Every structure is written in C-alpha cells, then in structure tokens.
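Novice: Got a sequence here, can you build the structure:
(2 chains)
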Amino acid sequence: MDFKPKIIGFLCNWCSYAGADLAGVSRIQYPPNIRIIRLMCSGRVEPYFIFEALKSGIDGVIIMGCHPGECHYMTGNYEAEMKYQLLKSLLTYVDLDNRISLEWVSASEGIRFAEVVTNFTNSIQKLGPSPLKKIDKDSELLFNLNALQIAANDYRLRALIGRKRKILDEGNVYNKKYPKEKFEDLQETAIYDEYQKNRIILYLKKENLSVKDLSERLSIAPNKILEYIVDLRGEGLIDLKDIQELTPYYTAKQEA
Amino acid sequence: MEKIGAVLIIGGGIAGIQSALDLAESGFKVHLVEKTTGIGGVMAQLDKTFPTNDCSMCILSPKLVEAGRHPNIELTINAKILKVDGEAGNFNVNILKKALFINSEKCTGCGVCAQECPVESIDLYNEKMVINKATYVKYPQSVPLVFSIDRDKCIGCGICESVCKAHAVEYFQKDEKANLNVGAVILAPGFDEFDPTPLQVYGYGKYPNVVSSIEFERILCASGPYSGMVLRPSDGDIPEKIAFLQCVGSRDIHHAKQYCSSVCCMYTTKEAVIAKEHQHQVNPTIFTMDIRAYGKDFDKYIIRAQEEYGIKYVRSRIASIDEDPKTHNLILTYESEDGKIITEDYNLVVLSVGLNPPNDAIDLSNKFGFELNKFGFCKTLPFSLEETTKSGIYVCGAFAEPKDIPDSVIQASAVSANVNSLLFPVRNTLITEKEYPEEIDVSGDPPRIGVFICHCGINIAGVVDVKKVEEYAAKLPNVVYVDRNLYTCSADTQTQLKEKIIEQKLNRVVIASCTPRTHEPLFQNTLREAGLNPYLFQMTNIRDQCSWVHIQDPEAATDKAIDLVHMAITRVRNHKSLKELSLNITPQALIIGGGVAGLTAALNLSQQGFKTYLIEKEPELGGFSKNIHTTLEGENIQSYLKSLISSVEKEKNIQIFTNSELENISGYLGNFKSNILNTKSKEETEIEHGIIIVATGAKEYSPEEFYYKKDERVLTQIELENILETSEEIKKKKAVIMIQCVGSRNDKHPYCSRVCCSEAIKNAIKIKKQSSSTEVIILYRDIRTYGFKEEYYREARKKGVIFIRFDENTPIEVIKENESLNIVFKKPDGNLLKAAADLIILSTGMEAPRNIDSISQMLKVPLNADRFFLEAHVKLRPVDFATEGIFLCGTARGPANIEESVSQAKAASARAVTILSKEIMTAGAVTSFVDENACTGCNICIRVCPYNAIEKDEMGVANVIEALCKGCGVCAASCPEKAILVRNFTKDQILSEIYALGGNLDGF
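Specialist: Have a look, this model is predicted:
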C-alpha cells in the first residue's frame, strides 16, 4: 500500500492549466501525485515524450487540453487527439495503454480538473507501480517498448498521423474524404508492421540472425518475416551479413 | 484647443476591454474606469457562449490579463465619474476612486483575508446565490486581483489586518479624487438585467423555483453555486421539466420595454442546450413568440438544439405563473398554435430577462452632455452607431442598443476608429516606452541559476516546508543562489531580485510561486531590467498546484514542490536567450471591395494619413447599396453613399482601382506585395502594403421560384422600393403579399439573411403611407426585428399590415389562375389558406458572390459552410482573420445591414491601425523554425498550422514566417522528419522536465 504513483500531466496553457489554477484558487483538494508540465498547446505533445516518461519510471501520463472546438490555436487539440490515439494503439502491444489518458478541461472547470486527476491517480494506484520502474536493461518489455518508440518517432507513422485529419475530415488529394474505418485499419496495420520491423532491427543490432531465427523470436511466420526483411533491406536499414549453408544471415546497419 | 493623446473608457466589460486594447496598441494612453471592483463585465459571469459553446472564461481571461498588464492601459476600479469639462479633443474628467480599504499596490491577491473573514456576505457575481465574505474579490480570475472590504458588512474585528502579511489592509482608507485629461471618451457601461421582481405575474422572488436567466447561467457554470449541476433552489432536486419564458422585460409595451433585447433567444437556447448537456434528465421547453436567430450560424444552432438536444419551442407568450405550494412546481397555462388551451406543470421556470440601460445611464448623460434615446439607451447618429449626440464622446456595446458579444466587440473596435480619426495627430504623445539596459550576453557561460521560492504570505509556506525546498534546490548542479521571499511579486522583492541577479551574476532564474499565466510577464520584465534575456527564466507553480490543493498533506505537498522546483531548474539549464522578432511595417493598406464597407474603411485609414489602395471589380464604387433607397429608420442611403464616395474620391491618400481585381499576392503581415489587374485595360499595378481588408460583399439571391422574372407582378423588395420611391403605382394595387425567407433558411441557404424582415417592414410601412387602403400581408416564419427595430414591427401592425406565420415544412405555392395570382400556404395550425394578390414581393436573402473562392485561395483565408468568410474567433475576433494582418468586414463576413457594415468597416480599420501605426512591430519570440537540411517538403507542417505561418520556399523547403507564428508547437509535434523545432518548448527542454522527475535511463 506504500505505492505513491508518479504521474506527469501535460497541460495546455489556455484551458486546462487555467482549470488547474482555478482548482487551486477554489482550494479543491486532489491527490498530490501529479506533476504538471505546462505547454502552450496539447498539440505539442509527441508520443516520444510519453515513451521517455514511461522508460524513466513514471507510472502514468495524462494529457489535458481545451474541449473540442475550443482550442486556443483552433485545431491543436484535434492534432493532440490523433497523436494520442496512435500512442494508445502502440502501447497496447506492451500492455501499458492503461497508463495514459487524454482529457479535456476548460478554464472554468476547477472541479472537473480535480476529478479527472483523482480518477486517473486512483486508476494508476490500482494498476500498481509501472513494470518499468525496476527493470534490467535486457528485459523484453524494454526491448519492445524501444521498438515501439522508434516506430512512433519514425517517418511513416508520424507522416500518416500528420495527414490523418486532412484525409478524414477535409478531403485527400482527390478531394474525397477517406472512410474513417478503412483508415483506422490501415493505421493499425502500419503500427503493427512498424513495430515488428523495429523489433527485427533491434534484434539484428544485437546479433546476426536468419529469417528462421527471427521467426522464432517474434513468433511470426517466416514468410512474413521475409517480407519485412526485403522491405528493410530496400530501406537500407539492414544488410546481408553472410550465408551459412543455404541460410542467409542479416545484420542491422550501425548508426553513424 | 490642444488635443490630448489619451482616452477615457467607462466600463470594463468586454466592449471596454476591446476598445482599450485596440487604442493602447495604436499609441494612445487609455484610462479604463470600472464601477465594480474588477473588469470582465457580464461575460465573466457566463458559463458558455453561443453558437460555439466556447467556455466564456477560457476565451475572456487572456484578454483580462492583457488589459491588466498593458503598459498603456491604466485600470481604475470601484470608481465613478464626478464632473466633466472640455470638448472633443480635450476633456477634463474628475473621477472618484472609492476606497477599497485594502491597498491595491500592496495586495497580492493571495486571499487569506477572505478566508479568515468571519462575516458572511452576499456574492453578487454569483447572483446572490452563494455566500461570500465581507472581505472579497469579485471572482477568482478577477483582474486586477485585488481584494476589498465590503464596509456594509464588515464588523471591524481586525482579523484581516492581522493575517495580511503584505500589510495591505487599511481600514481608514479614504475615497480619492483624480483628474483625467483625455482627448476622447468612450462609453461602454454595458447594460443591467431587467429585474422581473415588479412583474408579479411571474412570481419571481416569491416562488423559489422561478429564476432569472442570469441566475440560471450561474447555476450552469462549473464554478457557480451548484458546481455546474442543474438543481432547483427549493429542494436541490434536478428539475426534469424546465420552462424558459422569453421576452421578460422585452417587446413589452405594458412595462415600457418596447424594444427587443436581441440576445435572449440565443442565450436561452444555449442555456437549454448546456442544461441538457450537464444533466441529461432535464427537458427544456422554450416559450417564445419568434425565434430571433439572426446572427452568423445562429439558425444552425437552433436546429441542433431541436434535433440533437430535443429542445422544444412553443410559440406562445405565457401570461402568468401559479405555484403548487406543496411541490413548489409551477403551473403554466398557454394557448398552443392550433388554438388549444394547455395547462402544464414545470419543475423550474427560467425568466429570459431582457437588457435594460445601465442604472447610471441618466447620470452619465447629464455629466457628459449626450442624449439618451426614448428607451434610456445612448442615442446614436444615423450611419454611425458609435457616435453620440456630443462630439468627442462615443459609445459601444449594449449601451448603444442591446447586442451580443461579437457585435459588442465589433463596435468596440469601431469606436476606436472614431477615436483614431479624432486624435491621430497626437498619437504616441502620452505613452511611455520602457527603456531597458543592454542585454548581457550569456551564451557560452556555464549556467548560474538563481532560485527564488515564494511564501505567498502563509499561502505556500503554511503548507509547504519551504526551507526543505530551499535546501534541496541549493544542492542541485549549477544552482548558485537560493532565496525565499514573503511575496516574490511585491515591488520591494522585485528590486531585490534585480540586485541579486547582478550581484550573483545569475544567468538563469527560477521562481517557485503561483501561476505563470498571470505572473510570468512581471518576472520576465524584472529580468530585463537586470539586463537578462527574459527567456532565461522558468516559473513553477507551488501554490495553486501544491499548498492550496494538498492542504491536508503537507509532506506530499512539500515533496511535490521539490519535484516541481527540480523540474524547473533542470529545464532552465536548457534555456537560451531568445530574440523577439522586429518587423518593419509598410504603413499602407489594401482594401478589396468598393462598397459601403470598403469605402468606410478606406476613408478612415486615409484620414489618419495611411496610403490606401481600394480595389473594386465593377466600373463604379458603391456596391450593393446603390440599389437601396432608405434604411428602416428612414435615413437616406443614396445621399449618404454619394457623400461617402465623393469624400473617398477627394481623399489624396486613396488610390482607387475600379474594373480591377487582385491578380496575385505575396508576403505577410506588414510586408505584402500585390498585383492589381485592370480587367478592361489589362494594365497591371504592383503595390506594397502592410495589411489587407476584405470587404468583397455579398449579392442578392436571384429567385428561380414563384414566377419571378416570368410574371411582372412578382418582384423583389429592392424592385418594390424602387417603385415606391419613383412612382405612385402602388395606389392602384389592392393587395400586396410579401413572402419572407426566399433564399434563406432553406437547404441551399441554411442561414438567416438578417435584413429581409426589416426590409419587408420598411416597404410595408411605405406602402401604407402612400396608400392606406392597399392591403399588405407578410407571410413569415419568424419576425426578426432585433433591438430597436422592433418599434417598426409594431408600427407596421398599427398601420394595418397583416402578419401571418406559415408552416415552414410546407412550401408556399404561387398559382396562376386565369389572370389572377394566388398564394396558397399552410398556417401552423394546419389550415390551408389561399389569397389573391396584385403584387407578390419576395424578400430575397443574401449569398456569397461567385468569385469568392479565388480571393479565399489567394489570401489563404477560410470560408464557412455558407461561403461567407470565417473570422479568427466567432466571439472575440469578429473582424480578424486567423492570419495576422488580414481583416474582414461587411457582408463578406455574413449578412448585415448598411449601418452594421459601416461599424464592421470601422472595426476592421481600427484593428488594422494597431499594426499600421507602428513603424516596427515586435512579435513573440516563442516561434518555430525549420532545420532546412532535415526538411523533405512533405507539407504536413503547412497543413497543421492554423495560422498559415509556414510556407515552402523556392527550394521546396518549409519556411516559418515568424511574424505569423503563435508558438503552439503543433508543427514540431507533427513533422515526420523532426525538422521543425519550437523555441522555448524544444524537445530537450520538455524532456529535461520528464527526466528530472523520472530519472533518466540513458544519462541525459
């Protein structure tokens, strides 16, 4: 019962930070675990930050912004939501998705701010300490989390998310609104692929492996692994190391 | 008499604040005098605003803070006007600053006095629904945040004096007199709510569950008496059935309130919607005669209220209310539209009270010598709704006529245009430019961090162990100095802070105190005074986020304060000096559109000496107004227009381009370059300008229905007026039937065109005056004669004009039988009626002109779904585009009448002058920038930027126009190549806060 969660709150300056101020002025009490990082807009939050927070042992991260339609920067909170949805999907692979939350709090909602913080703190309290708190550097969880973080920070997912609202709400290059469900399917597939590809790279950074080795470690059918390998070679991220008997072995390119 | 470069603004509501900000930014000293103890006015009391449901406080409080901190604005609260002398350009005004009994210079707004005060008093801000203390502040976000003592309630116990660590309590403070010498006066005292107590029929004040709409607004507000739950006063139950009664104190000849209060239909709908949102159990019914949703996007809001929230509208005026004394339910009896008498119980009744002139209207009118109109509001001049009958004294907001927030904000800027043209020769004569010492270059020096921890009296130190925080901070790397202060924000501590920065050679400063939202600019200013760049600073909030919210757990509050201070210290180590951007401004204007709006804006700007280019696509100036003869009030539009055009043509600072179009445009705020193409001669002219005003207007809908253009007996209102003004033809007509909403409020044009009701009534009255025997019938859905226009609706009925409501779901049909024209329509009671007419007059709406898309694309400014231009913010930036330096006015913005277009044009001009009046503009330093080598030109940043602040250069690389960037950082978070960075919110700075808290695995 001695667990005191450490929680980070990313708050936009205009609505939710003002809501926190109002909770203060009104002396509304809430659990003391949250530490607020003030940003101008919730849209500034990059998934990368949350990965770093989790990796440094933070038990929960909550993002707060203006209510939909009320963003001080007009659409920043919608962009925040897009990024949050991506983050949520990514974190399901390592079962950490319940440690993050996104809430809208306005400047007059001091009480709501306190409620949101209380509920989130309670939910983290219930989950217990983050498994990343005491973790050795070679653990599988950290390995997978790193793969997810790289995926989140790489071009493909950032580009997809960066265009998502345009494609869904405003119209794509053909001036058509792409169906939301189809896009979400596509996004999920992209997340899965990027995650697995980054896991492959991370494995290949440690040692040279064959398609069959990788298939075993990732529990993915060898033909699918081969597709990834072809893809990664095409992108210049991995190289063929050598061929032993009939089996090629691959290695990741070392970063400059 | 010598002109004075200062302005007195009376009233610190949203209108007064907007005028103050506009004029302060245009080189004038502003004295903002408010009668209560805080600015913000009624808007600060509102929960949400229509039609966007924006949180009122969220959008207002940045303006409050800006007005409170502006170096050219002097706020005087709790004050009244004593005496006025002088004339336009030079007035002497004596004011009385009533004692607050708390020294506003010393008060830090910490609020300990109010907490300890043993006397309970009534809280007016919450409409007397909750208890306040005798020592109080108007509301928590109040500006200025200064407490005062209510002497009527104070028992003189002396507790507040003993607990105030700032020694600010002064029981014997005296009222003070002050003399203000100003060039102009702006009246913005707002309105008073109609007090329904005297109307005994509604039982207000007698039945506990009858509340006024402003009380209900406080009930709805999250920071209101019931924390946002919808409860009824008698027993705290959720009222399942709520009845809203419209026009209480409006459109009521029996209580001398003949005018329409303009805002009630909309605010009631908003309250009903919010009530439903807050408490799904409630079912609101609105009893109203007409739904006056005449503003931009208002009708859509009404439709949403009905369809999404199930809000019911009943067309009836309730005559009286009875109460069931047992349940305190209220019994309403009314006649439905099909003529049935219905009696129903309601759990709560909200009286939608109208807007009255402020209670000091007569006093102000006597002292300043301007006239009031017959309703007790300020009398204004024709075609100039901001001018009073006394020269040099102007009016804006609800005191001129009941109006909503955007219309008040428009008028507030418009009035600034009047002041600009009166006082421009003495611009910049009374403002103070602050001089700072030269900035010390600290780049390359190792960080020397100074940490200042605030006790805030006992507000922080009473809970947080500040000594422990101090000891912790002192041990952190690069921290060379730590100090604690009783009040870090007090004037003496600021001096100390400056001394310590110099003495200790500090090059980074952390202040752990209250909220940066109000205090960051103060401390940054102190840094500048000490020669430090203001961005070498980080503030952390250990009061609102620690001591005040973890009172029961001092240990945890202390731990949290330590963490927050640690985070701030780690972050500030990564701070760099940032340079605020200086921007040269070309003091020239481009105005697109030569109608009344464009002409007005051009004239106002050119009179102040700004070179103005005016483009009109037609061969002559004048726009649509050329087709209209008079206003509803009877003013002659043609002679007004003629004199306006001739003034513009005579003005040497205006260059007129008729038959011309904008060919292309480049540049940004302060530095635009455009090509103007003469479509006849094909001649091109290149011009440079600092701002753009879009005044492209609208066009009349051209009906395809009702045999228009197929039968000469079917005409539009414009054509009818022309007949009435040029012939006596009408005397031969026995029956004229007018059809409202032709080309408005339908699927194709789902908005109200705002002016057609007034146009129809104007012409109906004209017909009756020329030929009283001619029968005039107006078929309508709602009569929308808002404000004082209601008078003419009454006059028309008095003259025998017949108004019949038609069922909006059944299209009206015009049938030709033999030689006669018949109209068939359905009344709301279901009866089909048929009437013959000699003339059928179509009240046609407005629509956007065809070429609007090209202008929208060229300027990169958005259109709304109805193809009118979309302003930066519906409520508070009604004539600005989101892109800095571009403004809009007139019917390009949405339907408006001529006088409203004139106001908007003046408003756009005043907004433009806040830029044009500066040779060099400084913009914030928190902006984005691009790493050119990493950018791949994918366009994502350009798409996510709401301010058009990013463009691609000729190399295909993104380039941030820093003058337009607001520093939200969305681009930085979205760039797939991580090629855009945002100053002061860099990845490293944000991560350093995370790592300080979590400890970093990779050794950051």
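Novice: Only C-alpha atoms from now on, for both contacts and neighbour counts.
Specialist: Noted.
Novice: tell me the contacts of the residue most central in space within chain B?
Specialist: Most central in chain B under C-alpha atoms, centre = their mean is residue B:876, positioned 3.0 Å from the mean C-alpha point. Shown in contact with residue B:876 (C-alpha atoms under 8 Å, 6 or more residues apart in numbering or on different chains): B:59, B:405-406, B:409.
Novice: Return the subset of the residues you listed lying in helices.
Specialist: B:59, B:405-406, B:409 (DSSP state H).
Novice: which one of these is nearest residue B:697?
Specialist: residue B:406 (19.0 Å; C-alpha to C-alpha).
Novice: what about that closest one, how many neighbours?
Specialist: 21 (other C-alpha atoms under 10 Å in any protein chain shown).
Novice: which of the ones in helices among the contacts of residue B:876 has the most neighbours?
Specialist: residue B:409 leads these on contacts (other C-alpha under 10 Å) with 27 neighbours.
Novice: Could you count how many residues lie near the residue of the stretch 251-400 of chain B found nearest chain A?
Specialist: In the stretch 251-400 of chain B, the residue that lies nearest chain A is residue B:278 (12.3 Å; C-alpha to the nearest C-alpha). Other residues within reach of residue B:278, judged by other C-alpha under 10 Å, total 16.
Novice: now do residue B:555
Specialist: For residue B:555, using other C-alpha under 10 Å, the count is 15.
Novice: separation between it and residue B:463?
Specialist: 8 Å (C-alpha to C-alpha, to the nearest Å).
Novice: cool, residue B:643 as well?
Specialist: Shown here: residue B:643 relative to residue B:463, a distance of 70 Å by C-alpha to C-alpha.
Novice: and those two? which has more neighbours close in?
Specialist: residue B:463 (23 against 11).
Novice: Help me confirm that the more buried one comes into contact with residue B:551.
Specialist: Yes. With contact defined as C-alpha atoms under 8 Å, residue B:463 counts as touching residue B:551 (6.2 Å).
Novice: tell me the domain boundaries of chain B?
Specialist: For chain B, the structural domains run B:1-98+B:175-191+B:357-431, B:99-173, B:193-355, B:449-573, B:584-698+B:848-917, B:700-847, B:927-982, going by automatic domain parsing.
Novice: Lowest average pLDDT across the ones you listed?
Specialist: Lowest mean pLDDT within those: domain B:99-173, a mean of 84.
Novice: interface residues of the stretch 151-256 of chain A facing chain B?
Specialist: A:153-159, A:161-163, A:166 (C-alpha under 8 Å from any C-alpha of the partner chain).
Novice: what would those look like in JSON lines with pLDDT?
Specialist: Shown next, in JSON lines, are these (pLDDT from 0 to 100):
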{"residue": "A:153", "pLDDT": "91"}
{"residue": "A:154", "pLDDT": "88"}
{"residue": "A:155", "pLDDT": "88"}
{"residue": "A:156", "pLDDT": "89"}
{"residue": "A:157", "pLDDT": "92"}
{"residue": "A:158", "pLDDT": "91"}
{"residue": "A:159", "pLDDT": "89"}
{"residue": "A:161", "pLDDT": "91"}
{"residue": "A:162", "pLDDT": "90"}
{"residue": "A:163", "pLDDT": "89"}
{"residue": "A:166", "pLDDT": "88"}
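Novice: Among those residues, name the ones in helices.
Specialist: Those of those lying in helices (DSSP H): A:153, A:155-159, A:161-163.
Novice: Taking these together, which two end up most distant?
Specialist: Top of the distance list for these (C-alpha to C-alpha): A:153 and A:163, 15.1 Å.
Novice: residues contacting the residue in chain B sticking out farthest from the centre?
Specialist: Most distant residue from the mean C-alpha position of chain B: residue B:818, 55.7 Å away (C-alpha atoms, centre = their mean). Contact partners of residue B:818, counting by C-alpha under 8 Å, 6+ apart, are absent.
Novice: And residue B:825, by the same measure?
Specialist: Counting by C-alpha under 8 Å, 6+ apart, residue B:825 touches B:806-807, B:810-813, B:832-834.
Novice: circling back: what's the closest non-adjacent residue to the residue of the stretch 251-400 of chain B closest to chain A?
Specialist: Distances taken as C-alpha to C-alpha, 6 or more residues apart in numbering or on different chains put residue B:229 closest to residue B:278, at 6.5 Å, once the chain neighbours are dropped.
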